[in-house]
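Asker: Sequence and predicted model, in that order:
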Amino acid sequence: MIHSLFLVNASGDIFLEKHWKSVVSRSVCDYFFEAQERATEPENVPPVIPTPHHYLISVLRHRIYFVAVIQSEVPPLFVIEFLHRVVDTFQDYFGVCTEAAIKDNVVVVYELLEEMLDNGFPLATESNILKELIKPPTILRTMVNTITGSTNVGEQLPTGQLSVVPWRRTGVKYTNNEAYFDVVEEIDAIIDKSGSTITAEIQGVIDACVKLTGMPDLTLSFMNPRLLDDVSFHPCVRFKRWEAERILSFIPPDGNFRLLSYHVSSQNLVAIPVYVKHNISFREGSSQGRFDLTLGPKQTMGKAVEAVLVSSQLPRGVLNANLNASQGTYTFDPVTKMLTWDVGKINPQKLPSLKGTMSLQAGASKPDENPTINIQFKTQQMAISGLKVNRLDMYGEKYKPFKGIKYMTKAGKFQVRT
Amino acid sequence: MSVQNFPPIYSTVVEIFQWLKSVYKNISFPEKGSCLSSGRSLAPRGRRSCSSIGCIVSVPFGSHNNVWSTGRDPAIWEADTDAVYAALSHHLWSTFTAPEAKSSNEDLKEMLESNKESLKLEAMKRVVGLIAKGKNASELFPAVVKNVASKNIELKKLVYVYLVRYAEEQQDLALLSISTFQRALKEPNQFIRASALRVLSSIRVSIIVPIMMLAIKEASADMSPYVRKTAAHAIQKLYSLDPDQKEQLIEVIEKLLKDKSTLVAGSVVVAFDEVCPDRIDLIHKNYRKLCNLLVDVEEWGQVVIISMLTRYARTQFTSPWKEDNEKAFYESEEEKKDQTEATPYTMDPDHRLLLRNTKPLLQSRNTAVVMSVAQLYWHLAPKHEVNIVTKSLVRLLRSHREVQYIVLQNIATMSIQRKGMFEPFMKSFYVRSTDATHIKTLKLEILTNLANEANISTILREFQTYVKSQDKAFAAATIQAIGRCATDISEVTDTCLSGLVLLLSNRDETVVAESVVVIKKLLQTQPTQHSDIIKHMAKLFDNISVSMARASILWLMGEYCERVPKIAPDVLRKMAKTFTAEEDIVKLQTVNLAAKLYLTNSKQTKLLTQYILNLGKYDQSYDIRDRTRFVRQLIVPNEKSGALNKYARRILLAPKPAPMLESAFKDRDRFQLGTLSHSINSKATGYQELSDWPAVAPDQSVRNVEVVEPSSSESEEQSSDESDETSSDSGKSSSGSEKSSSESEPEQKKKTKTKKAPQKKSKAAAAVTAPSFGPVKTHELLHHMTGKGLSAKYHFPRQPCLYQPSMVAVQVILANSSDHSLEKIHIGDRSPAGLNIHCFNTIERLEPEASVTVSMGIDFSDSTQAANFQLCTKEDQFSVSIQPVVGELLMPSTMSEQDFSKEQGKLLGMNETSATVAMATANTSSQAVSKQVLSVANVGVVSSGPNDLHRFAGRTVSSGALVLVSLELKESSALLTINTEKSVMASMLLRDLKQALALARLYPRFWVHRRFTHDFTLKFRPRCTTNAKRASDPDAVQKNTFVKVPST
């Protein structure tokens, strides 16, 4: 299983190492650095690198490489999933998962890593169990600890470890009992030159924030559960009940968690909330290119399209872009050739546009591909698939919780080819 | 060279740096805090440009040349090297290495040895910081190890971290800490026991192997499943430290495999995989248990169990893939006979069990679990069932980049064999410009694998976009893919070819080069019609500078020189001009072309050929000199060449088989999917081959399990834990409102299926004494006459309560015998007011003639006082009460005989109650005795030797006080003793037990019925009134109840 872990920052320094079995020299990372140098982009480093005696499996999150050293056969996804879980835990504990945060909390990081793996095999990865073992650092707690001499480390085995509901601790108490659910849908789409949809699918998640006293048993039902084509659940959801009745029945974990992620069957036509009119052209022989982009709303069910952000990787030959945005601001990074246009909200009466010229390298030939345009947007109070939560019931506890449901639609990987 | 030559005298490294910086602008300043680095830990890397002081420390040891290797004017460096070097070494020696580094560690040492807890903790935190950075802190070992017995748990944990890191280096000192761990292994707190075992087993010091072995053995029988899980982990650690312990460890593994806790299952399978993966016989008995537990095991355990079961199943079951058999069916007459004789394939129920129980895990949020189920279905399921994994795998593509990478690799392998599986999801593999290059190429691979006549036009259109991509490596891969599509699907070969020819005029060189290479391969498959394309390529030849492409064109010219008789010699002429400037690969192909032309068209090319051969003879590369010599001997006739010359034409111009354009994933299926070996396409260390299906299935009965008797080693915590799990299952399903009956049905079936067989087989199974097998008595709660149609019955399922451990679980069966449906059935007011009841969820509607079972939890606080509450419907309220029998306020506790005696010793005097009971001679067998005791009280049997002393142990549900029952048989009477702190309960229990045992003596056959009589009188009252005669006849009542009993 997992032998050692090295954390490598963007500039290629190992700033943390942890070994669960005998110590592996950090020179093993040289193979990783080699691969890193070979890769043109940070994302292009292969996740699995074989070396003569070890195998390196790495993930890249928040510009930090988490490099696990493996000595023998193990499912690579096992390691990858675990590393992501580590990152999630750090984020949960420190708010951000940056090099600085990890260095500042190196002791807590070490204690966490110690608890999460034993002899390279995951021991406790549930956040509520970990939080009982090692309390997340807060300013208040640090102060209290300095004064009273108490510690951040629990002395008892977390109750979750032995129970049948390991995701929830016992004895949770809140004065305000509330349960919030966010239905967030993302549209992944590729739109071709002429504006027709090549592929579009909807992926959704239901994120929950449940702060309820005791052991509540919740059921969540949908108006139209048939929409959900493929689902994956938090372990708390009773699968059989879903199979039989299409109802989500669960004892929720305490705090924030992802209840469900789903995929809406691709047979349904996906409504695309925005359209793009574009005219990007380069002329042979001239060092100028034209850039003309207009955005407009389409099939939004009357809701406003907000937080629109357009980005595009312009061809390498482009030196600069001299554009004029009718709304919002644009930036062009001449090094990475990345054009970003922060549009904001689309006003259907006055469509936002970005027009102007691009100057090309003198003498360079015309780029043979037009750039793809990536669009991000958000629409509140609407789930584009039409999914609706019917009702949320609570059993097992007597108080009346405050319940809330929010819908949102976002662009996932939304690309327009030009 | 002397230090005095230096302008200022520097006192610290920092100042040296500042000075160096002022001289050499591009030395970056070291980060704060990195001053403690030792030279050992960092190899100087030019790119980091000395960002760490580590590089500087390495100066005195002679690696200064590496330190500033980039971006500097070597001349400046050369001039000052010696001076800088001298300054650095001097100052480092005097100011940094020795005093400062030492003083900081001295500092820590002092802090560690101080009396203040907070100082120690602070010091340990800093030490851990050093370890995390990979710096050496081993000299602090003596100071740290002293704190191992600290009371402060955080300090202790940090010391553990330190110990595990350095114990290997400081073996002697590490031994000092061992006794602390040995003591901690006996702690009552399971968490401390577990962490002591964890650290003890992580200390890699071979002297303590026997101590570790002992600790593991003890922990494997610990009552806490968490400690047992730690023991399972320790097994692997000990094995890697000392493989000679294998035999003993296998024994422990065997024991732990039998463990019923879901917590242990995953860890012990990991140990099994590591220590003795070939001991498949250990799995047989546990196979069904593992399958059934699987859903409840934690996610990481699921992954390892599933992959182990995949390997197991491939050795134990016959192939479900019928296709092979059917093929054989038509092959010959003889085989046909065999086939008709052979029975049709039926799947082993155990095989089916595995497939069925893993299926829900496809919905897991853990990608590794989903992948492992997918590979299980791929390797084990009948072909038509594999498709169910498709959706889940496609879903994983939404996950992180690294996950995508692995999943796409596996899909690529799958899609070669089973196009149909992923074809409907083709669009999910369309490439986005933001994907990483390796993701793009994998998607391309899959799209190519999925191509068929129907979708090829869509795919090719998509490919056209990719070819124009800015990512040139990807564009090149796309061209390869187009080539593969062209060879695979003959309909589009021409379209592809013309498309590729168009690309030849592309501006990008890599694209053109790749096109040439692919066109070359395509032309080879059908050269006849394509002389036009060859001519076109000849025209392009001047513009192409990528050597691989040039070489390909030259080869094509040579190969098909007879089709382009006019152009080929001209190309050779051009090559002769530029020969010396070409790359090796082009030169080799030029020699080839010359040779071929010489053979076919010697009139025009003889001189050119000789010229080229002469050039080649004196080339720098020996490869080319070699080839030239060989070709000359082959084609130019002279006296030495002999017979070979005659065959030159046949050798050089032999028709060559076209290359197969194949997927790179073609041969990956030799590895089990989802493994590391599959991902890197070579055998990883420790990879275990997936065996082929056996032709004949091995004996199935090996998996039959006898119902396990509680052994003496299993103790209380475990048993409660076990039943916790089972009860959670049944509790969930039976509570009606929580889980549908459709779930419980197959589950029940499955359970009965697996349990029936062994019970039939062995009579020994009848001696089951597990507490949950005790009889279940149903009591009336509300009669349907009083309840206006609503009737309620309850019984004690004798399972730990799901809601709170201090509650007694009660199952209530609500039935509607009226003609209208009842609504909103729920529990209302209760008395005494403080009564702690876990109510069932409100039942919205109960149809006529329908019944529903719900479970409640009631905290009786160890008293037999009745729990009164109101059962309400929408319209009415009925006061009901549940009167517990004292025996139901207990829960079984498993303990060994020794423990029993020990505990009994503590509960003497006031706490002991005893009586003599007259026993029936027929009931002296231990079976009968335990049956009767268990019918009265929910206690556990303490297994003991074949003497006449029977022991039972239990705890009260609320307070957890021990209740020990012992029964000493003497001829026709028995001495019944009850030891417990709860003396009231003791006397009540004694009365009940006495009654039961005495009854058994008087009415050995009817004791059960008689005990039920009073429960049923209420129920039969209406009938009694209508049929007074029958009611007055006690026998009739008995008969009635007798009929009723089985139905409850």
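Answerer: Yes, it's here.

Asker: residues contacting the residue nearest in space to the middle of chain B?
Answerer: Centroid-nearest residue in chain B: B:Val303, 2.1 Å away (criterion: C-alpha atoms, centre = their mean). Residues in contact with B:Val303, defined by C-beta atoms under 8 Å, 6 or more residues apart in numbering or on different chains, are A:Pro75, A:Phe78, B:Asn366, B:Ala368, B:Val369, B:Ser372. (Glycine included, C-beta is placed from N, CA and C.)

Asker: Select from those residues every entry located in helices.
Answerer: If you go by DSSP state H, the contacts of B:Val303 have A:Phe78, B:Ala368, B:Val369, B:Ser372 in helices.

Asker: Reformat these as a markdown table; add distance to B:Ser552 and pLDDT.
Answerer: Formatted as a markdown table, the ones in helices among the contacts of B:Val303 follow (distance: C-beta to C-beta, whole Å; pLDDT from 0 to 100):
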| residue | distance to B:Ser552 | pLDDT |
| --- | --- | --- |
| A:Phe78 | 43 | 93 |
| B:Ala368 | 44 | 94 |
| B:Val369 | 47 | 94 |
| B:Ser372 | 44 | 94 |
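
Asker: From these, pick the one nearest A:Leu323.
Answerer: Set against A:Leu323, the nearest of those by C-beta to C-beta is B:Ala368 (46.1 Å).

Asker: residue contacts, that closest one?
Answerer: B:Ala368 neighbours (C-beta under 8 Å, 6+ apart): A:Pro75, A:Leu77, A:Phe78, A:Ile80, A:Glu81, A:Phe82, B:Glu299, B:Trp300, B:Val303.

Asker: Now tabulate these in a markdown table and tack on distance to B:Thr262.
Answerer: A markdown table is the format used below for these (distance: C-beta to C-beta, whole Å):
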| residue | distance to B:Thr262 |
| --- | --- |
| A:Pro75 | 20 |
| A:Leu77 | 22 |
| A:Phe78 | 18 |
| A:Ile80 | 24 |
| A:Glu81 | 19 |
| A:Phe82 | 19 |
| B:Glu299 | 11 |
| B:Trp300 | 12 |
| B:Val303 | 14 |
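
Asker: Mind giving me the ChimeraX select for those residues, buried ones only?
Answerer: Selecting only the buried entries of the contacts of B:Ala368 in ChimeraX, with 16 or more other C-beta atoms under 10 Å in any protein chain shown as the criterion:
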select /A:75,77,78,80,81,82 /B:299,300,303
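
Asker: In the contacts of B:Ala368, find the pair that's most separated.
Answerer: A:Ile80 and B:Glu299 (13.6 Å).

Asker: Select, from the contacts of B:Val303, the two members most distant in space.
Answerer: So, those by C-beta to C-beta: farthest apart are A:Pro75 and B:Asn366, at 11.1 Å.

Asker: Within range of chain A, give me the residues from the stretch 401-550 of chain B.
Answerer: B:401-403, B:405-407, B:425, B:427-428, B:430, B:432-434, B:436-438, B:462, B:465, B:468-470, B:506-508 (C-beta under 8 Å from any C-beta of the partner chain).

Asker: Drop anything exposed from those residues.
Answerer: Using 16+ other C-beta under 10 Å as the threshold, B:401-403, B:405-407, B:425, B:427-428, B:430, B:432-433, B:436-438, B:462, B:465, B:468-470, B:506, B:508 are the buried ones among those.

Asker: Could you list the domains of chain B?
Answerer: Following the assignment in automatic domain parsing, chain B carries domains at B:3-95, B:99-166, B:712-743+B:769-884, B:889-1000, B:1004-1045.

Asker: related to what we said a few turns ago, and the ones in helices among the contacts of B:Val303 as JSON lines, adding distance to A:Trp341?
Answerer: Converted to JSON lines, the ones in helices among the contacts of B:Val303 look like this (distance: C-beta to C-beta, whole Å):
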{"residue": "A:Phe78", "distance to A:Trp341": "41"}
{"residue": "B:Ala368", "distance to A:Trp341": "39"}
{"residue": "B:Val369", "distance to A:Trp341": "41"}
{"residue": "B:Ser372", "distance to A:Trp341": "44"}
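
Asker: Nearest to B:Leu908, out of those residues: which one, please.
Answerer: B:Val369 (53.3 Å).

Asker: Low-confidence ranges, the chain, go.
Answerer: You didn't say which chain, so I picked chain A. By pLDDT under 70, the weakly predicted segments of chain A are A:139-157, A:159-164, A:265-268, A:285, A:363-365, A:368.

Asker: look at chain B instead
Answerer: B:1-104, B:322-344, B:526-529, B:639-642, B:706-776, B:802, B:832-834, B:920-925, B:944-947, B:999-1048.

Asker: which residues in chain A form helices?
Answerer: Using DSSP H, helices in chain A cover A:29-38, A:76-94, A:99-104, A:106-116, A:127-133, A:139-148, A:159-162, A:239-245.

Asker: buried set for the second one?
Answerer: Residues of helix A:76-94 classed as buried under the neighbour-count rule (16+ other C-beta under 10 Å) are A:76-87, A:89-90, A:93-94.

Asker: And for the nearest residue to A:Cys29 once chain neighbours are set aside, the neighbour number?
Answerer: Closest residue to A:Cys29 apart from its sequence neighbours, by C-beta to C-beta, 6 or more residues apart in numbering or on different chains: A:Phe6 at 5.5 Å. Here the number of neighbours of A:Phe6 (other C-beta atoms under 10 Å in any protein chain shown) works out to 23.

Asker: For A:Phe6, give the beta-bridge partners.
Answerer: Beta bridges link A:Phe6 to A:Glu17, A:Val67, judged by DSSP bridges.

Asker: does it really touch A:Leu16, like I thought?
Answerer: Yes. Counting by C-beta atoms under 8 Å, A:Phe6 touches A:Leu16, with 7.3 Å between them.

Asker: follow-up on the earlier one: could you pull up the contacting residues of the residue nearest to A:Cys29?
Answerer: A:Ile14, A:Leu16, A:Glu17, A:Arg26, A:Cys29, A:Phe32, A:Phe66, A:Val67, A:Val69.

Asker: go again using 10 Å as the cut-off
Answerer: A:14-19, A:24, A:26, A:28-29, A:32, A:56, A:58, A:65-69, B:134 (C-beta atoms under 10 Å, 6 or more residues apart in numbering or on different chains).

Asker: One more: A:His263?
Answerer: A:His263 neighbours (C-beta under 10 Å, 6+ apart): A:201-204, A:227-232, A:385, B:391-392, B:394-395, B:398, B:428.

Asker: give me the number of residues near the residue nearest to it when sequence neighbours are not counted?
Answerer: Closest residue to A:His263 apart from its sequence neighbours, by C-beta to C-beta, 6+ apart: A:Asp230 at 4.3 Å. A count of neighbours around A:Asp230, defined by other C-beta under 10 Å, yields 17.

Asker: next one: the one 10 residues further on
Answerer: Under the neighbour criterion other C-beta under 10 Å, A:Lys240 is assigned a count of 20.

Asker: doesn't B:Lys359 make contact with it?
Answerer: No. Assessed by C-beta atoms under 10 Å, A:Lys240 is found out of contact with B:Lys359, at 11.6 Å.

Asker: Need the residues touching each of the two.
Answerer: What both A:Lys240 and B:Lys359 touch, as defined by C-beta under 10 Å, 6+ apart, is the set B:Val295.

Asker: quick one on the thing from earlier: which one of the ones in helices among the contacts of B:Val303 sits closest to A:Val210?
Answerer: Scanning the ones in helices among the contacts of B:Val303 for proximity to A:Val210, where the rule is C-beta to C-beta, the winner is B:Val369, at 23.7 Å.

Asker: give me the number of residues near the closest one?
Answerer: 28.

Asker: Do I have it right that it meets B:Leu361?
Answerer: Yes. With contact defined as C-beta under 10 Å, B:Val369 counts as touching B:Leu361 (5.4 Å).

Asker: Quickly list what's touching both of those two.
Answerer: In contact with both B:Val369 and B:Leu361: B:Val297, B:Glu299, B:Gln302, B:Val303, B:Ile306, B:Ser392, using C-beta under 10 Å, 6+ apart.

Asker: can you put these in JSON lines and add secondary structure and distance to B:Leu644?
Answerer: As requested, those are exported to JSON lines (DSSP: H, G, I helix; E, B strand; the rest coil; distance: C-beta to C-beta, whole Å):
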{"residue": "B:Val297", "secondary structure": "coil", "distance to B:Leu644": "70"}
{"residue": "B:Glu299", "secondary structure": "helix", "distance to B:Leu644": "68"}
{"residue": "B:Gln302", "secondary structure": "helix", "distance to B:Leu644": "66"}
{"residue": "B:Val303", "secondary structure": "helix", "distance to B:Leu644": "61"}
{"residue": "B:Ile306", "secondary structure": "helix", "distance to B:Leu644": "61"}
{"residue": "B:Ser392", "secondary structure": "helix", "distance to B:Leu644": "62"}
